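S.K.: Sequence and predicted model, in that order:
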Amino acid sequence: MRKNNWIVLALVLILPAMLFSVSCAKKEVASAPEVTPMAQPMEDTTKADAAAAEKARLEAERLQAEEAQRAMMAARQAFINDDIYFEFDSAALLPMAQETLSQKADYLLNNSGLSVTIEGNCDERGTAAYNLALGERRADAAKAFLVNLGVNASQITTISYGEERPVDMGHNEEAWAKNRRDHFTLN
């Protein structure tokens with residue numbers, strides 16, 4: 001029995017010593033990163049910078065859209081306000097008229113949903129019937145030129161007002177030159 005006591009005593013003393021010396025290595029306990037007072041303002045600054053950048057981007061887009069709208073309106077006004085003019089008793093397109101019509105063709109080709117009415121006008125000289133016929137020939141000449149540049153003929157209507165709608169009521173060559181024109185309206 002004495003031998004058993006020694007074995008028990010040895011086990012009681014040796015076994016705990018072995019357990020303490022052979023135990024697992026210490027593991028580092030991962031802790032949550034500490035939030036320092038500097039980290040919070042940096043995070044706020046980053047968010048503020050992102051918000052400012054987004055605001056600047058939106059403002060730039062708004063300004064770009066406004067500029068595009070202004071350009072569209074200017075092109076529309078130029079289309080409407082730029083009449084073409086003719087020589088006395090003629091429906092032949094002058095070089096300046098052809099240049100203006102080329103610009104109008106570009107506008108119509110880029111805005112295929114629009115339609116235009118070409119209004120032929122004359123000065124007060126000549127009979128009413130003659131001036132209506134001449135106004136029609138002038139409007140038809142402009143239409144033919146636009147169609148030759150690729151504008152769909154279904155987008156264009158013509159009408160003659162003859163001498164009925166003068167822009168200058170004078171009775172001299174200067175006034176008559178202003179009244180010999182085709183005017184364009186968008187529908």
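M.R.: Right, received. Where do you want to start?
S.K.: and stretch 80-87, average pLDDT?
M.R.: Mean per-residue pLDDT for stretch 80-87: 95.
S.K.: Can you point out the buried residues in it?
M.R.: Residues 83, 84, 85, 86 are the ones in stretch 80-87 that count as buried (16 or more other CB atoms under 10 Å). For glycine as for every other residue, the C-beta is placed from the backbone atoms N, C-alpha and C.
S.K.: So which of these is the closest to residue 119?
M.R.: Taking CB to CB as the measure, residue 119 lies nearest residue 83 of the buried residues of stretch 80-87, at 9.1 Å.
S.K.: ok so, going back, among the buried residues of stretch 80-87, which are in helices?
M.R.: Applying DSSP state H to the buried residues of stretch 80-87, no entry is found in helices.
S.K.: Now that we have those residues, can you turn them into JSON lines and tack on distance to residue 74?
M.R.: Formatted as JSON lines, the buried residues of stretch 80-87 follow (distance: CB to CB, whole Å):
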{"residue": "83", "distance to residue 74": "17"}
{"residue": "84", "distance to residue 74": "19"}
{"residue": "85", "distance to residue 74": "22"}
{"residue": "86", "distance to residue 74": "26"}
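S.K.: Check these and tell me the two furthest apart.
M.R.: Taking CB to CB, no two of these sit farther apart than 83 and 86, at 10.1 Å.
S.K.: And the strands in the chain, which stretches?
M.R.: When secondary structure is read from DSSP state E, the chain shows strands at 84-85, 116-121, 156-162, 181-186.
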